[in-house]
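Take this sequence and fold it.
(one chain, ligands or ions: 2)
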Amino acid sequence: MFKQLINGEWVAGASSSRNINPSDTRDVIGEYAQADAVQVADAIAAASAAAPAWGLTTPQQRFDILDAAGSEILARRAELGELLAREEGKTLPEAVGEVMRAGNIFKFFAGEALRQGGEAVASVRPGVGVEVTREPLGVVGLITPWNFPIAIPAWKIAPALAHGNAVVFKPAELVPGSAWALADILHRAGLPRGVLNLVMGRGAVVGQAMLDDARVHGISFTGSVTTGRRVAEACVGRLAKFQLEMGGKNPFIVLDDADLDVAVTCAVNSGFFSTGQRCTASSRVIVTDGIHDRFVAAVIERMRSLKVGDARKAGTDIGPVVDERQLAQDLGYIEIGKAEGATLAAGGEAMAHNADGAPGFYLQPALFTDTTPAMRINREEVFGPVVSVQRARGYEEALALANDTPFGLASGIATTSLKHATHFKRHAQAGMTMVNLPTAGVDYHVPFGGRKASSYGPREQGRHAAEFFTTIKTCYTQG
Ligand SMILES: NC(=O)C1=CN([C@@H]2O[C@H](COP(=O)(O)OP(=O)(O)OC[C@H]3O[C@@H](n4cnc5c(N)ncnc54)[C@H](OP(=O)(O)O)[C@@H]3O)[C@@H](O)[C@H]2O)C=CC1
Ligand SMILES: O=C(O)CCC(=O)C(=O)O
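Ligands and ions are numbered 1, 2, ... in the order given. Predicted structure coming up:
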């Protein structure tokens, strides 16, 4: 049984749940503790007690712990990647890459702990000095989704600790394994008791208890828009700080002048890799008339070569969908697309077993053509390997279609035109814009986030993470 970390002790849960491998549902990864509301309150009490002293530790103390955690994550990347692929279903190379991202994030924020400073500002009054500094929020609640089981926890926990906060961390119920390993690494790296608390279990119980507790000063959340709204309402109700990273319906434009191979590689990577389960996935590809038919034919050709199978098997390109519920959602949208009149040009079949006969949640990536902007498959986040193609008469129409969405996380364009690339970078209504690159798969040291219904509050990652995890103090001194 994998226990929870509360006040520096490994504690049994009020109940437990099984962590199942989506590539082979006969494979149980382990039994993981689940908290009830009382245990969440214990974790928050522990964090509240630990926060003042942690907030006063030296930058060197924080650096040492975060750097040691980063080193261990990087050294164990093969083993942690294997665990991640086994519990979430992304392929082994993708999983090892995610673990390395997590390790590098800890290294980056170890450095950030050393780089904290403030400003000395001239006062408008004679003889007065003004200092502007940052202080920790206090206790932060971190609620994470299942699709990046170690990188998203890393990019919330590392800045929270670097900036002197105590943490109550609730991972998604589907992927407790990577979260447990991360908490174990940080605990052994020397965090004082109560500074990091891991409480596992269902969002409606564990997450909700964190939202409702006045001792939690800030909530950083990644997940669905529906839950994000709930987080916002709870936090506004008690005037707590919050930041939300939610869905995407990210456009990728392919212009007539694009390099066809680059365009196909970007579209296939960002639409289907990680089984399409990325908020940065491009699920809408907008293609201008002159290249449309060649592009669609080339994508279908590339899709034929994609191997769907066990996430940990060498040669697999696309692992399983994470669970039965998500598979049902993906298949539901494929039916919706067909009923709306789109053409299912390739894929879309579920497979109950992989090539070795193991039962799992397999889905052949699906490509829809002849789609229109009003179709639900072009408006709602599917969160699976389902891509729809829209035709455009030229760049201006493609840009208008790209921006015609309630979301605004990532956007991309394949073009050899400097003029169009430059214009797109300026006019795409998204937090992140890529030129001749997939929309998914971002750097770990720069801001991450979007606009409209995709994000709310300050950006995550990079130096800008300080905006959420600190509060500003302005001090006046009469000299
Ligand atoms: N933009 C993104 O990065 C992501 C978007 N999604 C989208 O969300 C859909 C559903 O995925 P799912 O993971 O279930 O997303 P959720 O928004 O339900 O889950 C995200 C996190 O919030 C927790 N949570 C759920 N309910 C509450 C609550 N009432 N109070 C506090 N926390 C809560 C979840 O807990 P638990 O799951 O343990 O119950 C999980 O840890 C996907 O199909 C996809 O469209 C999903 C993942 C990432
Ligand atoms: O594309 C990436 O690198 C990150 C995606 C992500 O954070 C998400 O899907 O939740």
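
Pretty sure Leu306 sits against Pro365.
Yes - counting by CB atoms under 8 Å, Pro365 is a contact partner of Leu306 at 6.2 Å. Where you see a C-beta, it was placed from the backbone N, CA and C, and this is true even at glycine.

which residues do those two both contact?
By the contact definition CB atoms under 8 Å, 6 or more residues apart in numbering, Leu306 and Pro365 are jointly contacted by 272, 318.

For the two, work out which one has more neighbours and name it.
Pro365 (24 against 17; other CB atoms under 10 Å).

what sits against the more buried one?
With CB under 8 Å, 6+ apart, Pro365 has these contacts: 271-272, 276, 303, 306, 308, 318, 346-347, 385-387.

what's the answer for Met434, then?
Applying CB under 8 Å, 6+ apart, the residues contacting Met434 are 266, 410-413.

try 7 Å
410, 412 (CB atoms under 7 Å, 6 or more residues apart in numbering).

Near ligand 1, which residues of the stretch 201-350 of the chain are found?
Contact residues, the stretch 201-350 of the chain versus ligand 1 (CB under 6 Å from any ligand atom): 202-204, 207-208, 211, 222-224, 227, 230, 245-247, 279, 326, 329.

And the residue of the stretch 351-479 of the chain closest to ligand 1?
Phe383 (3.6 Å; CB to the nearest ligand atom).

ok, that residue to ligand 2 distance?
The gap separating Phe383 from ligand 2 is 9 Å, by CB to the nearest ligand atom, to the nearest Å.

how about the nearest residue to that residue, chain neighbours excluded?
By the measure of CB to CB, 6 or more residues apart in numbering, the closest residue to Phe383 outside its immediate chain neighbours is Gln277, 5.7 Å from it.

With Asp64 instead?
Among residues not flanking Asp64 along the chain, Gly190 sits closest, at 7.3 Å (CB to CB, 6+ apart).

Among the residues of the stretch 201-350 of the chain next to ligand 1, name the buried ones.
For those, a neighbour count by 16 or more other CB atoms under 10 Å gives the buried set as 203, 207-208, 211, 222-224, 227, 230, 245-247, 279, 326, 329.

still on that earlier bit, I'd assumed Cys279 was in contact with the residue of the stretch 351-479 of the chain closest to ligand 1.
No - using CB atoms under 7 Å, Phe383 makes no contact with Cys279, being 8.0 Å away.

does Asp310 count as helix, strand or coil?
coil (DSSP: H, G, I helix; E, B strand; the rest coil).

what distance separates the helix or strand harbouring Arg325 from the centre of its chain?
In the assignment (DSSP states H and E), Arg325 maps to helix 324-339. Between the centre of helix 324-339 and the centre of its chain there are 22 Å (CA atoms, centre = their mean, to the nearest Å).

Pull out the buried positions in stretch 429-437.
Within stretch 429-437, the residues that count as buried by 16+ other CB under 10 Å are 429-434, 436-437.

Distance from the chain centre to that stretch, please.
Worked out by CA atoms, centre = their mean, stretch 429-437 lies 17 Å from the chain centre.

hmm, that stretch touching ligand 1?
No - Stretch 429-437 lies out of reach of ligand 1 by CB under 6 Å from any ligand atom, never closer than 12.2 Å.

first vs last residue of that stretch, how far apart are they?
17 Å (CA to CA, to the nearest Å).

Please state the mean pLDDT value computed over it.
Averaged across stretch 429-437, pLDDT comes to 98.

Just checking it against ligand 2, any contact.
No - using CB under 6 Å from any ligand atom, stretch 429-437 never reaches ligand 2; the gap is at least 8.7 Å.

Can we start the residue count at 25 from this point?
Sure, I'll start counting at 25 from here, so that last one is stretch 453-461.

ok, back up a step: can you list which of the buried ones among the residues of the stretch 225-374 of the chain next to ligand 1 are found in helices?
Among these, DSSP state H puts 232, 235, 251, 254, 350, 353 in helices.

Gly153 and Ser412, how far apart?
From Gly153 across to Ser412, the span is 59 Å (CB to CB, to the nearest Å).

of these two, who's got more company?
With neighbours defined as other CB under 10 Å, Gly153 and Ser412 compare such that Ser412 has more, 28 against 14.

one step back: for the residue nearest to Phe407, give me its contacts.
By CB under 7 Å, 6+ apart, the neighbours of Gln301 are 171, 346, 407-408.

ok, which stretches of the chain are helices?
Remark: helices assigned in the chain by DSSP H are 61-79, 83-99, 101-112, 116-138, 175-186, 200-212, 232-236, 249-261, 284-296, 313-328, 348-363, 419-427, 442-451, 490-493.

for the record, mean pLDDT for the shortest one?
This means helix 490-493. Averaged across helix 490-493, the pLDDT comes to 98.

who in the protein is up against ligand 2?
Counting by CB under 6 Å from any ligand atom, the positions of the chain adjacent to ligand 2 are 171-172, 176, 246, 302-304, 464-466.

Quickly name whichever of the contacts of Pro389 is closest to Ala61.
Taking CB to CB as the measure, Ala61 lies nearest Gly300 of the contacts of Pro389, at 34.7 Å.

Relative to Phe133, how far out is the closest one?
For Gly300, the distance to Phe133 (CB to CB) stands at 29 Å.

Then Ile181?
Relative to Phe133, Ile181 is positioned 9 Å away (CB to CB).

who's in contact with Arg483?
For Arg483, the contacting residues are 471-473, 491, by CB under 7 Å, 6+ apart.

can you rerun that using 8 Å?
Residues in contact with Arg483, defined by CB under 8 Å, 6+ apart, are 455, 471-473, 489, 491-492.

most surrounded residue in these?
Most surrounded of these: other CB under 10 Å gives Ala489, at 27 neighbours.

For that residue, which non-adjacent residue is closest in space?
Leaving aside its chain neighbours, Ala489 sits nearest to Pro183 (3.7 Å; criterion: CB to CB, 6+ apart).

The one you found reaches Glu136, doesn't it?
Yes - counting by CB under 8 Å, Pro183 does reach Glu136; the two are 6.9 Å apart.

who's more crowded, the two?
Per other CB under 10 Å, whichever of Pro183 and Glu136 has more neighbours is Pro183, with 29 against 22.

Tell me how far the more buried one lies from Phe492.
In terms of CB to CB, Pro183 sits 8 Å off from Phe492.

quick one: common contacting residues for those two?
Glu484.

residue closest to the middle of the chain?
Centroid-nearest residue in the chain: Ile176, 5.0 Å away (criterion: CA atoms, centre = their mean).

Pull up the overlap in contacts between Ile181 and Phe133.
Here Ile181 and Phe133 share no contacting residue, scored by CB under 8 Å, 6+ apart.

Could you show which parts of the stretch 375-503 of the chain are in contact with ligand 1?
405, 407.

what does the stretch 25-174 of the chain give?
167-171.

Rebuild those as JSON lines, extending it with distance to Glu364.
As requested, those are exported to JSON lines (distance: CB to CB, whole Å):
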{"residue": "Ile167", "distance to Glu364": "33"}
{"residue": "Thr168", "distance to Glu364": "33"}
{"residue": "Pro169", "distance to Glu364": "28"}
{"residue": "Trp170", "distance to Glu364": "28"}
{"residue": "Asn171", "distance to Glu364": "26"}
